[in-house]
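Undergrad: for reference, the sequence and a predicted model appear below.
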Amino acid sequence: MHYAIVSGSVREKAQSYKVGEWIKHVLEQELSVGEVYHLALNRQPIPNWEDGIREKGDDWNETWREVSHKLRKMDAFVIVCPEWNGMIPAALMNFFHLCTQMELAHKPALIVTDSVVDNGAYPVAELRMMTYKNTKICYIPEHVIV
């Protein structure tokens, strides 16, 4: 199986990046799965979605094409989402706006959130409610809050 981990924070010292790296380590070293791709939005920025973006120039297409190609090869996803004021970060929502059904549709995904307060459930609810419609990602019933 091929897994993709998407860490949704753009902060330089993001805790969600560290959580994503730990998950990657577990998948590669302890479970010995196939390829593990970690798309960390604080390390690999992606273009911002805007109306008509798919018709824009080659710079945008080249940047997203590489990420899209890797995502299409994946069998399952782990979405690592920090809680920012009870919501998911704009960069992670932007990721879901850019994705089509070609990247995520009908593939299982685990939601992992991290929070410095004793919440963390708000991003779970928002991801389940707001990101399924266009991408058709299949969130498994369980989730993890760090």
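TA: Structure's in. What do you need? Numbering: from 1, shown residues only.

Undergrad: buried residues in the worst-scoring helix or strand of the chain on mean pLDDT, which are they?
TA: Within the chain, no helix or strand scores below helix 58-72, which has a mean of 83 by mean pLDDT, DSSP states H and E. Within helix 58-72, the residues that count as buried by 16 or more other C-beta atoms under 10 Å are 60, 64, 67-68, 71. (Glycine included, C-beta is placed from N, CA and C.)

Undergrad: which residues in this structure form strands?
TA: 3-7, 36-40, 76-82, 108-114, 138-145 (DSSP state E).

Undergrad: quick one: distance of the second one to the chain centre.
TA: Read it as strand 36-40. Offset of strand 36-40 from its chain centre (C-alpha atoms, centre = their mean, to the nearest Å): 9 Å.

Undergrad: now the first one
TA: Between the mean C-alpha point of strand 3-7 and the mean C-alpha point of its chain there is a distance of 6 Å (C-alpha atoms, centre = their mean).

Undergrad: that strand: which residues count as buried?
TA: 3-7.

Undergrad: now the angle from that strand to helix 58-72?
TA: 130 degrees (axes from the mean of the first three to the mean of the last three C-alpha atoms, to 10 degrees).

Undergrad: residues in contact with strand 3-7?
TA: 14, 16-17, 19-20, 23-24, 27, 33-42, 70-71, 74-80, 92, 95 (C-beta atoms under 8 Å, 6 or more residues apart in numbering).

Undergrad: among those residues, name the buried ones.
TA: By 16+ other C-beta under 10 Å, the contacts of strand 3-7 give 14, 16-17, 19-20, 23-24, 27, 36-42, 71, 74, 76-80, 92, 95 as buried.

Undergrad: bridged to the spatially most central residue of the chain, which residues?
TA: For the chain, Val6 is the residue whose C-alpha lies nearest the centre (C-alpha atoms, centre = their mean; 3.0 Å). For Val6, the beta-bridge assignment (DSSP bridges) gives partners Leu39, Ile79.

Undergrad: and it, what pLDDT?
TA: In this model, Val6 is scored at 98, pLDDT.

Undergrad: Glu142 versus that one, what's the distance?
TA: Val6 sits 18 Å away from Glu142, taking C-beta to C-beta, to the nearest Å as the criterion.

Undergrad: just Trp84 next, same as before
TA: 23 Å.

Undergrad: please consider this matter closed, and thank you.
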